[in-house]
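Novice: Provided below are the primary sequence and the corresponding predicted coordinates.
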Amino acid sequence: MSLTPNPCKAVFLDRDGVINREKGSYIFEPGEFDINAGVTEALRIFRDRGFILVVITNQSGIAQGIYTHAHVDKIHCILREQFKLQGIDFAEIYYCPHHPSTGKCLCRKPGSILIEKAIGRFGIDPSLSYMIGDRPRDIEAAERAGIKGILIDSNDSLMNYAGEII
């Protein structure tokens with residue numbers, strides 16, 4: 001009889017364009033933060049199937065001086081609160097504040113450091129996990145971390161892709 005715990009599996013999600021509406025400009029004000037159709041329903045399904053939920057997002061507006069860490073923290077607080085009301089918790093929200101024009105970093109997608117950090121912290125099995133993103137860099141980051149990437153159309157209903165995971 002094995003006493004090995006069940007491996008942890010995760011769904012990693014990009015933020016802008018996947019969870020909330022991508023509007024073609026930086027989203028850092030609470031009034032601009034709108035949840036996309038199908039997100040709540042899909043996240044409930046993932047949760048009920050035993051996946052932990054982790055957000056991985058590039059927030060280069062910080063490095064460009066457009067907004068601050070405090071703006072991002074406020075948006076993430078709102079995101080957590082809105083989903084907690086629906087019984088959905090995020091294990092963590094990781095973000096990269098850098099921009100390519102300000103130098104090379106390891107945490108900006110398509111780099112996989114933030115995904116790898118979550119894998120290590122939560123004991124996630126990459127072979128059982130997925131990354132949902134609306135840009136090729138999201139999928140590249142997933143592949144670098146050994147997880148399956150699912151490329152979606154920006155602002156599309158997440159329910160259109162939930163079947164690829166469940």
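Specialist: Noted; the coordinates are in hand. Residues are numbered from 1 along each chain as shown.
Novice: Just the CA trace of stretch 76-90, in CSV.
Specialist: Presented in CSV, the C-alpha positions along stretch 76-90 are these (Å, rounded to 0.1, in the frame of the first residue of the first chain):
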residue,chain,number,x,y,z
HIS,A,76,-5.5,41.3,-7.9
CYS,A,77,-7.3,41.9,-4.6
ILE,A,78,-10.5,42.7,-6.6
LEU,A,79,-9.9,39.6,-8.7
ARG,A,80,-9.5,37.4,-5.6
GLU,A,81,-12.6,38.9,-3.9
GLN,A,82,-14.8,38.6,-6.9
PHE,A,83,-14.0,34.9,-7.3
LYS,A,84,-14.0,34.1,-3.6
LEU,A,85,-17.7,35.1,-3.6
GLN,A,86,-18.1,32.3,-6.2
GLY,A,87,-16.2,29.8,-4.0
ILE,A,88,-13.1,30.0,-6.2
ASP,A,89,-9.6,30.6,-4.7
PHE,A,90,-6.3,31.2,-6.5
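Novice: Show me which residues of the helix or strand containing residue 120 are buried.
Specialist: Applying DSSP states H and E as the criterion places residue 120 in helix 113-122. Buried positions in helix 113-122, judged by neighbour count with 16 or more other CB atoms under 10 Å: 113-119. Heads up, the C-betas are built off the backbone N, CA and C, glycines and all.
Novice: Residue 34: which of the residues you listed is nearest?
Specialist: Distances from residue 34 to the buried residues of helix 113-122, taken as CB to CB, are shortest for residue 114 (24.1 Å).
Novice: residue contacts, that closest one?
Specialist: 56, 94-96, 107, 141 (CB atoms under 8 Å, 6 or more residues apart in numbering).
Novice: partners of the nearest residue to it once chain neighbours are set aside in the sheet?
Specialist: Once flanking residues are discounted, residue 114 sits nearest to residue 94: 4.1 Å by CB to CB, 6 or more residues apart in numbering. Note on residue 94: beta-bridge partners residue 56, judged by DSSP bridges.
Novice: and residue 30, what does it touch?
Specialist: Neighbouring residues of residue 30 by CB under 8 Å, 6+ apart: 74-75, 78.
Novice: Please list only the buried members of these.
Specialist: Here, 16+ other CB under 10 Å leaves 74-75 buried among the contacts of residue 30.
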